[in-house]
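Student: Need the 3D shape of this:
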Amino acid sequence: MKRNFSLIFFLKKGKTDPQGASSIYMRITIDKKRAEMATGKSCLDNQWDNGQLKGGTSLVKTINLYLRQIESKVHEAHRHLLMCNDDITAKNLMDEFLGKDRKARKLTEVFEEHNRQMAELIGIEFAPMTLLRYQTALRHLQQYLREKYKIQDIDIRKIDHQFIADYEFFLRTTRKCNNNSAVKYIKNFKKVIKRCLANGWLTKDPFANFKAKIKLIERPCLSEEQVKALESREFNNERLNRVRDIFLFSCYTGLAYIDIYQLHRSEIIDKNENEKWININRQKTGTPTRVPLLPKAVALLDKYEHHPLCIDQDKAFPVSSNQKMNAYLKEIADLCGITIPLSYHIARHTFATTITLQNGVPIETVSKMLGHKDIRTTQHYAKTLDVKVGRDMAALKERLAAEKTVSKTTVYNYTITK
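Tutor: Below you'll find the predicted structure:
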């Protein structure tokens, strides 16, 4: 199979307009086989010279530029056929240039297929919440197409930098997404575009010059006093006591809601005679997580050891839905005078900062217990609290003062001895 081609522009002498101008045609030749098409431009015979117009007028320059652009697009079509390992003939190359005989890939169709395959991998490679995020991203894109372009779907080849920039603007305005939410939906979209590039359905990456950055967010956590206030408060409602206990267990272990919801008694192992560990793989990332249990966490586990639901399903705690648990947590916060909007993310941040780092646990150890693949993720969770800064600086002052005292004593003793 010949992979090279020749391209020429010529005047079709038999095709003239009333002014005597001939049509300019393009001819592609491969293996002595030809494919021709009209360019839609024309000129007088005496203006034509070796594939282009003569002269320096603005019209001549415009037509010559147009012919060069056609030539460039033919070369691009040729590269695409090479990438796809397609049979390269004059007709196929012309059809590729014209966009004929190619199945037009539609954006939402490709996105839906991606989501269908992801759904089949739930529990194997992906968590349910990951699929939910991609499904939401697809709905946002479909709304964007309807409202911006008045269409249900779009050819993926029509997606360019402007399309992406306008979509980001749509997310921030119409959908009222904050910066990080908008960036995450854009990243979901980008993954689908990368799928198109990998399959050869696209030859240019529309995201090539597009930049969007996640902004670091100040993540709140509970102080020692607030944790103690939760521990000491007894509610008249059994439901609130149970939700408070599960929240505190998350504060002492760093487990996310879904990991506590799925936690089984059999996943709590005895490492040593008086030491219990949680031994699980995180639902979100599949990362192995090993957490030694603090005495208060063990006490909370023991409290629900004989709960009927825990016995029947081998569960560590009788956990309700995430929506209900977070609603109850807001009620608990109001009763305890806590102004931070409580959620299980807050518990996880509290474990990272107040329970561990503030008490001298190295960040590498905290990262491993949280099940993070990258320590930079842990740094986003963890804040250096003012109280820890004060303690560290007080310790430094004591150490420097002690060194100064030792230095003076040494000089004094040396002087007397001499």
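Student: Which parts of the stretch 301-418 of the chain are helices?
Tutor: Ranges of helices within the stretch 301-418 of the chain are 308-313, 322-336, 344-350, 363-370, 375-381, 386-417, based on DSSP state H, counting those that start in this stretch.
Student: Residue 15 in helix, strand or coil?
Tutor: strand (DSSP: H, G, I helix; E, B strand; the rest coil).
Student: isn't it right up against residue 24?
Tutor: No. Residue 15 lies out of contact with residue 24 (CB atoms under 8 Å); the separation is 9.5 Å. Bear in mind the C-beta positions are built from the backbone N, C-alpha and C, glycine included.
Student: Quickly find the element holding residue 271.
Tutor: In this structure, residue 271 sits in strand 268-272 according to DSSP states H and E.
Student: Distance from the chain centre to that strand, please.
Tutor: Taking the mean of its C-alpha atoms, strand 268-272 sits 36 Å from the chain's own mean (CA atoms, centre = their mean, to the nearest Å).
Student: What is the subsequent helix or strand relative to that strand?
Tutor: strand 275-281.
Student: okay, how far is it across stretch 303-310, tip to tip?
Tutor: End-to-end span of stretch 303-310 (CA to CA, to the nearest Å): 11 Å.
Student: Residue 65: how many residues sit nearby?
Tutor: 10 (other CB atoms under 10 Å).
Student: can you pull the contacts of it?
Tutor: Listed by CB atoms under 8 Å, 6 or more residues apart in numbering, the contact set of residue 65 is empty.
Student: What's the per-residue pLDDT of it here?
Tutor: pLDDT, residue 65: 95.
Student: Distance check, it against residue 94.
Tutor: Counting by CB to CB, to the nearest Å, the gap from residue 65 to residue 94 is 21 Å.
Student: doesn't residue 59 fall inside a helix?
Tutor: Yes. Assessed with three-state DSSP, residue 59 lies in a helix.
Student: Residue 332 versus residue 210, what's the distance?
Tutor: Per CB to CB, residue 210 is found 43 Å from residue 332.
Student: If you count surrounding residues, which of these two has more?
Tutor: residue 332 (19 against 14).
Student: I figured the more buried one was touching residue 240, is that so?
Tutor: Yes. The pair residue 332 / residue 240 is scored as a contact, 5.7 Å apart, by CB under 8 Å.
Student: re earlier: and the helices of the stretch 301-418 of the chain, which one is worst for confidence?
Tutor: helix 386-417 - the lowest mean pLDDT of the helices of the stretch 301-418 of the chain, at a mean of 67.
Student: Pretty sure residue 35 is one of the things residue 93 touches, is it not?
Tutor: Yes. Shown here, residue 93 and residue 35 form a contact pair, counting by CB under 8 Å, at 7.0 Å.
Student: Mind listing the shared neighbours of residue 15 and residue 24?
Tutor: Common neighbours of residue 15 and residue 24 are listed as residue 38 (criterion: CB under 8 Å, 6+ apart).
Student: for the closest residue to residue 16 other than its chain neighbours, which residues make a bridge with it?
Tutor: Of all residues not flanking residue 16 in the chain, residue 22 sits nearest, at 5.2 Å (CB to CB, 6 or more residues apart in numbering). For residue 22, the beta-bridge partners are residue 16, residue 43 (DSSP bridges).
Student: what residues are up against residue 22?
Tutor: 11-13, 15-16, 42-45, 48.
Student: Just give me the least confident of these.
Tutor: Lowest confidence among the contacts of residue 22: residue 15, with 70.
Student: and the residue nearest to it when sequence neighbours are not counted, how many neighbours?
Tutor: The shortest distance from residue 15 to any non-neighbouring residue, by CB to CB, 6+ apart, is to residue 23 (4.1 Å). Residue neighbour count, defined by other CB under 10 Å, stands at 18 for residue 23.
Student: Surely residue 23 touches residue 38?
Tutor: Yes. Contact criterion CB under 8 Å: residue 23 and residue 38 qualify, at 5.4 Å.
Student: which residues are common contacts for the two?
Tutor: Shared contacts of residue 23 and residue 38 (CB under 8 Å, 6+ apart): 12, 15.
Student: Drop anything exposed from the contacts of residue 22.
Tutor: Among the contacts of residue 22, those buried by neighbour count (16 or more other CB atoms under 10 Å) are 11, 42-43, 48.
Student: can you pull out the strands in this protein?
Tutor: Secondary structure of the chain (DSSP state E): strands at 6-16, 22-30, 33-43, 48-49, 52-53, 268-272, 275-281, 288-292.
Student: Which of those sits closest to residue 322?
Tutor: Smallest distance to residue 322 across the strands of the chain (CB to CB): 17.7 Å, for strand 275-281.
Student: if we can go back for a sec, distance to residue 233 added to the buried ones among the contacts of residue 22, as JSON lines?
Tutor: Output for the buried ones among the contacts of residue 22, formatted as JSON lines (distance: CB to CB, whole Å):
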{"residue": "11", "distance to residue 233": "91"}
{"residue": "42", "distance to residue 233": "87"}
{"residue": "43", "distance to residue 233": "89"}
{"residue": "48", "distance to residue 233": "91"}
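Student: With respect to residue 250, which of those is nearest?
Tutor: Within the buried ones among the contacts of residue 22, proximity to residue 250 (CB to CB) peaks at residue 42, which comes in at 75.6 Å.
Student: So what does the closest residue to that closest one other than its chain neighbours have for phi and psi?
Tutor: Spatial nearest neighbour of residue 42, chain neighbours left out: residue 21 (4.1 Å); criterion: CB to CB, 6+ apart. Backbone geometry at residue 21, expressed as degrees, to the nearest 10, gives phi -80, psi 140.
Student: What pLDDT is listed against residue 21?
Tutor: For residue 21, the pLDDT comes out at 90.
Student: same deal with residue 133?
Tutor: pLDDT recorded at residue 133 is 94.
Student: hang on, it packs against residue 191?
Tutor: No. With contact defined as CB under 8 Å, residue 133 does not reach residue 191; the gap is 11.0 Å.
Student: So the two - more neighbours on which side?
Tutor: residue 133 (16 against 12).
Student: residues touching the more buried one, list them.
Tutor: Neighbouring residues of residue 133 by CB under 8 Å, 6+ apart: 184, 188.
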